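>>> Model the following, please.
(one chain, ligands or ions: 1)
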Amino acid sequence: MANTESLTQMIEISRALWADPKTAENTLSDTLAVVALLPLEGEDLVNRMATALIERFEREGAAVNADALQQNFFKLHPLQRVILIAHERLHWDYERIEGVFDLSRDELETLFWKSRIDLLTHRAGRPILSLPSPSNVTANCPEFNPIRPWSSRYLDHAVSRADQVFLQGHIEHCPSCKGILDKTRTIHFESQAELLPELAPEVQARSMTVLRDLLKISEKYALGSTPDFWTSIRLFVRKRRDIQVLIFMALAWCVWKIVS
Ligand SMILES: [Zn+2]
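Next up, the predicted model:
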């Protein structure tokens, strides 16, 4: 069974993909109705939901509407949006994100850096000029790669303990590397302000209720007990909304046969 924390995380990931709140909520419910049948819980369930949601977004080719494109966040690629929310808001570490979205460490570092630069580029409406770069490199300086600077993974707490100790000591004595870190920190900080706004508590509470009701039904299936007729229908309809249209057509046909 998913706890409140797990449900909150699923809601945030869905919101990062579907700009329209109603679509985000409905798609999350539909997807959870299926994924909750798998023998998963806690972090594993959330991870599977994250991949299921992004696969569904890609499969359905959901276009972001013009209103949402007013927000710089929705100008990003869907995977960029999800990894930023997963790390900045849900506090997923690099290992978890790599595993869930099947990315190498280099790919993830590059994607994080590009996502932040893209956000600020969209905000400014032009390329960002004040990017970190080494000014006076010494033999002891960490290698600087402009597409995935060391300073960004350092600020994301994604370096080994040994590297962290080395970098902390080095920065104190190296103005060039301190300059890189300061500029990177500004970019991290300013890009955070462009993320999706926090969800209003009453909206979150309503989504929670919908998802909990749904999980109660799915749990019956997962445990292997036989749900009653109306529970089966409800789960089926949640999974396949178009079935409502079919039921309506069948009823209309019956009525027509009776009166004619
Ligand atoms: Zn240095």
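>>> on contacts alone, who are the packing partners of the helix or strand in which residue 97 is found?
Taking DSSP states H and E as the definition, one finds residue 97 inside helix 94-101. The contact analysis (3 or more Cβ pairs under 8 Å, 6 or more residues apart in numbering; DSSP states H and E) places helix 94-101 against helix 42-60, helix 78-84, helix 105-124. Glycine gets a C-beta too; all of them are placed from N, C-alpha and C.
>>> Most tightly packed of these?
Comparing the helices and strands packed on helix 94-101 by mean neighbour count (mean count of other Cβ atoms under 10 Å), helix 78-84 comes out on top with a mean of 22.
>>> Who are the packing partners of that helix?
Applying 3+ Cβ pairs under 8 Å, 6+ apart, one finds that helix 78-84 makes contact with helix 4-17, helix 42-60, helix 94-101, helix 105-124.
>>> Dump the C-alpha coordinates for that helix into PDB.
In PDB, the C-alpha atoms belonging to helix 78-84 read as follows (Å, rounded to 0.1, in the frame of the first residue of the first chain):
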ATOM      1  CA  PRO A  78       9.400  16.200 -20.300                       C
ATOM      2  CA  LEU A  79      12.400  14.200 -18.900                       C
ATOM      3  CA  GLN A  80      14.100  17.500 -17.900                       C
ATOM      4  CA  ARG A  81      11.000  18.500 -16.000                       C
ATOM      5  CA  VAL A  82      10.700  15.200 -14.200                       C
ATOM      6  CA  ILE A  83      14.400  14.900 -13.100                       C
ATOM      7  CA  LEU A  84      14.300  18.500 -11.900                       C
END
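>>> what comes into contact with that helix?
Contacts with helix 78-84, where a contact means Cβ atoms under 8 Å, 6 or more residues apart in numbering, come from 13, 16-17, 50, 54, 57-58, 73-74, 76, 97, 101, 108, 111-112, 114-116, 118-119, 191, 195-196.
>>> Could you tell me how far that helix lies from the centre of the chain?
6 Å (Cα atoms, centre = their mean, to the nearest Å).
>>> Same question for stretch 48-63.
Remark: stretch 48-63 is offset 11 Å from the chain centroid, using Cα atoms, centre = their mean.
>>> what's it in contact with?
10, 13-14, 17-18, 23, 27-28, 31-32, 34-35, 38, 40, 78-79, 82, 86, 100-101.
>>> Could you turn the buried ones of these into a PyMOL selection?
Only the buried entries of the contacts of stretch 48-63 go into this PyMOL selection, using 16 or more other Cβ atoms under 10 Å:
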select buried, resi 10+13+14+17+18+27+28+31+32+35+40+78+79+82+86+100+101
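>>> follow-up on the earlier one: nearest to residue 219, of the helices and strands packed on helix 94-101?
When these are compared by Cβ to Cβ, helix 42-60 sits nearest residue 219, at 11.8 Å.
>>> That closest one vs helix 94-101, what angle?
50 degrees (axes from the mean of the first three to the mean of the last three Cα atoms, to 10 degrees).
>>> would you put the C-alpha positions of helix 42-60 in PDB?
Output in PDB follows, covering the C-alpha atoms of helix 42-60 (Å, rounded to 0.1, in the frame of the first residue of the first chain):
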ATOM      1  CA  GLY A  42       7.100   2.200  -1.100                       C
ATOM      2  CA  GLU A  43      10.000   3.500  -3.200                       C
ATOM      3  CA  ASP A  44       9.700   0.600  -5.800                       C
ATOM      4  CA  LEU A  45       6.100   1.500  -6.400                       C
ATOM      5  CA  VAL A  46       6.900   5.200  -6.900                       C
ATOM      6  CA  ASN A  47       9.800   4.400  -9.200                       C
ATOM      7  CA  ARG A  48       7.600   2.100 -11.400                       C
ATOM      8  CA  MET A  49       4.900   4.800 -11.500                       C
ATOM      9  CA  ALA A  50       7.500   7.400 -12.600                       C
ATOM     10  CA  THR A  51       8.600   5.300 -15.600                       C
ATOM     11  CA  ALA A  52       5.000   4.300 -16.400                       C
ATOM     12  CA  LEU A  53       3.900   8.000 -16.400                       C
ATOM     13  CA  ILE A  54       6.800   9.100 -18.600                       C
ATOM     14  CA  GLU A  55       6.200   6.200 -21.000                       C
ATOM     15  CA  ARG A  56       2.500   7.100 -21.200                       C
ATOM     16  CA  PHE A  57       3.300  10.800 -21.800                       C
ATOM     17  CA  GLU A  58       5.600   9.800 -24.700                       C
ATOM     18  CA  ARG A  59       3.200   7.200 -26.100                       C
ATOM     19  CA  GLU A  60       0.300   9.600 -26.100                       C
END
